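Asks: When you get a sec, could you give me coordinates for this:
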Amino acid sequence: MAPKVPLPTLLDRTLFRDLADQWYAKTGMLSVVAQAAMHPAYQAIIGMGTIAIPLILDEMRTHGPTHWAGALRELTHENPIRPEDHGYVDRITKRWLQWGAEQGYITARDGVAPWLTD
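Replies: Now for the predicted structure:
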């Protein structure tokens, strides 16, 4: 299945990387996810629109569980998370990666990273 958005350009990838690095640096010590999600860099990533979806999924796949679910919900208007997954960032990440593979944003082989195996 082909992704629903075009592939990100080098400019898109560079902008995403810069914003993600800013977000990690400024919010890494915050314990409240809602506060981290309000950071301008996180909001700017959401502002990139749907082109950010494959970039966020790749970030989750390559860097492990992080709090990108809110951005993905905002961008996709979907929520593949099951009630029993709430509070478990690793499970939430796994569900989003599975969703990304099903939707064609990432390949099924890439959809489950080694750190997510049961």
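
Asks: Now for L7: which residues touch it?
Replies: Taking CB atoms under 8 Å, 6 or more residues apart in numbering, we find L7 in contact with P54. Just so you know, the C-beta spots here come from the backbone N, C-alpha and C atoms, and that holds for glycine as well.

Asks: give me the element the most centrally placed residue in the chain is part of.
Replies: With distances taken as CA atoms, centre = their mean, I56 lies nearest the centre of the chain, 3.4 Å away. Element membership for I56, per DSSP states H and E: helix 52-63.

Asks: check contacts around the residue nearest to the centre of the chain.
Replies: F16, I45, W68, A71, L72, L75.

Asks: The residues you listed: which two are farthest apart?
Replies: Using CB to CB, the two most remote members of those are F16 and L72, lying 13.4 Å apart.

Asks: and those two? which has more neighbours close in?
Replies: L72 (25 against 21; other CB atoms under 10 Å).

Asks: Report the buried residues of stretch 69-87.
Replies: By neighbour count on 16 or more other CB atoms under 10 Å, the buried set for stretch 69-87 is A69, A71, L72, L75, T76, P80, I81, D85.

Asks: which outside residues touch it?
Replies: Around stretch 69-87, the neighbours that count as contacts under CB under 8 Å, 6+ apart are 33, 37, 42, 45-46, 49-50, 52-53, 56-57, 91-93, 95-96, 98-99.

Asks: redo that, cut-off 10 Å
Replies: Stretch 69-87 is contacted by residues 4-5, 23, 33-34, 36-38, 42-43, 45-53, 56-57, 59-60, 68, 88-89, 91-100, 102-103, 105 when judged by CB atoms under 10 Å, 6 or more residues apart in numbering.

Asks: Not counting its own residues, what contacts the longest helix along the chain?
Replies: Looking across the chain with DSSP state H, the single longest helix is helix 10-27. If you take CB under 10 Å, 6+ apart as the criterion, helix 10-27 is touched by 6-9, 33, 35-49, 51-52, 54-56, 58-59, 63, 66-68, 71.
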